[in-house]
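Asker: With the input below, show me the fold.
(one chain, ligands or ions: 2)
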Amino acid sequence: MTFHPLDEAGQWSGDRPFSVYIHVPFCASRCGYCDFNTYVLASQGPDAGQRYLRAAHGEIEAAASALAGHDARPASTVFFGGGTPTMLTPDQLGGLVRHVQQVWGLAPGAEVTTEANPETLSEEVLDGLLEAGINRLSMGMQSADRAVLKLLDRVHTPGRAVEMARLARRCGFDDISLDLIFGTPGETLESWRTSLRTALSADPDHISAYSLSVEEGTRLAARIRRGEVPMTDEDDLADKYLASEEILTGAGFVNYEVSNWARPSTGPDGLVDRHRAEHNMAYWLGHDWWGIGPGAHSHLGRARWWNVK
Ligand SMILES: C[S@@+](CC[C@H](N)C(=O)[O-])C[C@H]1O[C@@H](n2cnc3c(N)ncnc32)[C@H](O)[C@@H]1O
Ligand code: SF4
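Answerer: Ligands and ions are numbered 1, 2, ... in the order given. Below you'll find the predicted structure:
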């Protein structure tokens, strides 16, 4: 039997904004703490990128025909998540943006985000991403402490994310976010405070600060089980969350969602909170979204479903 989400979704209300999530399941290397659905690109065969792109474009077509005649709306947000979407070239990402635009259209002022690892960026790549229609950059920085980055298996140096955030601004990005992780075993409160201040020194528009979650099946969980590394401590995590609130709010950011802080600013459209991650808000507000790519989740009307990983 062919699965048709709209059979399950019932009346697709048509009055909720529509978003598109595109999961890119590739990374240059695997961080020991991460259990996201991602694979080392080089281990997937020489044409893994091309096979992925064929499947992703095919899925956009399938989604568009499933929604045809159902009052489809232009996409308000598009989000490339991963993995590390910038393992694909800006042209390849641009091809996917154009395909979304062609089948659904993009709403005026649509937010188009890509996640990125600072190692994958350069001036040429950043210019290419802007040309591809990507207007928001969300970069994994995690920490400014070399020892913490090492424990997390991050391959970049502490300064790389800050350098790339500044370069992205010079290239013309108007919406830049940095991801940080707190509570890594061995990280002191002062080290975390320094990471927050260092992230702020890059002048980002948005900061995500996540408490380190120890996921079953990861290398980090195995190291903790073997006693090589201590387990995260809940009181330590709580203290660091409070420090985040103090430092980020003190810098004028607004904690608009549990782990997310945005610099308020008024855009030409008069919208004050324009640096909130609108795609993230779409999840919280129960909007409709279609997820493309392995493991991607979708939500339409009253139905939720997800792709095999
Ligand atoms: C898909 S990654 C971002 C892009 C890129 N792959 C990178 O890591 O730079 C999304 C973010 O999830 C967070 N994350 C992943 N695993 C986590 C964990 N176990 N605990 C807390 N945060 C985690 C990291 O902050 C990471 O930047
Ligand atoms: S944290 Fe980012 S770079 Fe590291 S494995 Fe996960 S998705 Fe890949």
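Asker: The longest strand anywhere in the chain close to ligand 2?
Answerer: When the chain is scanned for its longest strand (criterion: DSSP state E), the result is strand 106-116. No. Using C-beta under 6 Å from any ligand atom as the criterion, no contacts between strand 106-116 and ligand 2 are found, and the smallest distance is 7.6 Å. For every residue, glycine as well, the C-beta is placed using N, CA and C.
Asker: Offset the numbering so it begins at 36, please.
Answerer: Sure thing, new numbering starts at 36, so read that last one as strand 141-151.
Asker: quick one: contacts of that strand?
Answerer: Contacting residues not belonging to strand 141-151 are listed as 52, 108-121, 128, 132, 135, 164, 168-175, 199, 210, 302, 304, 312-314 [C-beta atoms under 8 Å, 6 or more residues apart in numbering].
Asker: ditto for stretch 202-216
Answerer: Taking C-beta under 8 Å, 6+ apart as the criterion, the residues outside stretch 202-216 that touch it are 68, 146, 148, 156, 158, 161-162, 165, 170-178, 187, 196, 200, 230-231, 234, 237-247, 310, 312.
Asker: What is the burial count for Val289?
Answerer: Burial of Val289, expressed as a neighbour count using other C-beta atoms under 10 Å, amounts to 16.
Asker: again with Glu150
Answerer: Going by other C-beta under 10 Å, the residues that sit close to Glu150 add up to 20.
Asker: near ligand 1, which residues of the protein?
Answerer: Taking C-beta under 6 Å from any ligand atom as the criterion, the chain approaches ligand 1 at residues 62, 68-69, 71, 116-119, 150, 152, 175, 177, 214, 216, 245, 247-248, 250.
Asker: picking that back up, alpha carbons only: can I get the longest strand of the chain in CSV?
Answerer: What follows is strand 141-151 as a C-alpha-only set of coordinates in CSV (Å, rounded to 0.1, in the frame of the first residue of the first chain):
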residue,chain,number,x,y,z
LEU,A,141,9.6,30.6,-0.7
ALA,A,142,7.6,33.0,1.4
PRO,A,143,8.8,36.6,1.3
GLY,A,144,11.7,36.9,3.8
ALA,A,145,11.9,33.1,4.2
GLU,A,146,14.7,32.0,6.6
VAL,A,147,17.0,29.6,4.9
THR,A,148,19.6,28.1,7.3
THR,A,149,22.4,25.7,7.0
GLU,A,150,24.3,24.1,9.9
ALA,A,151,28.0,24.1,9.4
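Asker: ok, and for that strand, which residues are buried?
Answerer: Residues 141, 145-151 are the ones in strand 141-151 that count as buried (16 or more other C-beta atoms under 10 Å).
Asker: Mind checking which of the contacts of strand 141-151 are buried?
Answerer: Burial by neighbour count, 16+ other C-beta under 10 Å: within those this picks out 52, 108, 110-121, 128, 132, 135, 164, 168-175, 199, 210, 312-314.
Asker: ok so, going back, okay, now the sheet partners of the longest strand of the chain, with direction.
Answerer: Using DSSP bridges, the strands paired with strand 141-151 in its sheet are strand 110-117 (parallel), strand 171-177 (parallel).
Asker: Could I get these in TSV, plus columns for mean pLDDT?
Answerer: Rendered in TSV, the data for the strands paired with strand 141-151 read as follows (pLDDT from 0 to 100):
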stretch	mean pLDDT
strand 110-117	97
strand 171-177	97
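Asker: and these as JSON lines, adding distance to ligand 2?
Answerer: Putting the strands paired with strand 141-151 into JSON lines (distance: least, C-beta to the nearest ligand atom, whole Å) gives the following:
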{"stretch": "strand 110-117", "distance to ligand 2": "5"}
{"stretch": "strand 171-177", "distance to ligand 2": "5"}
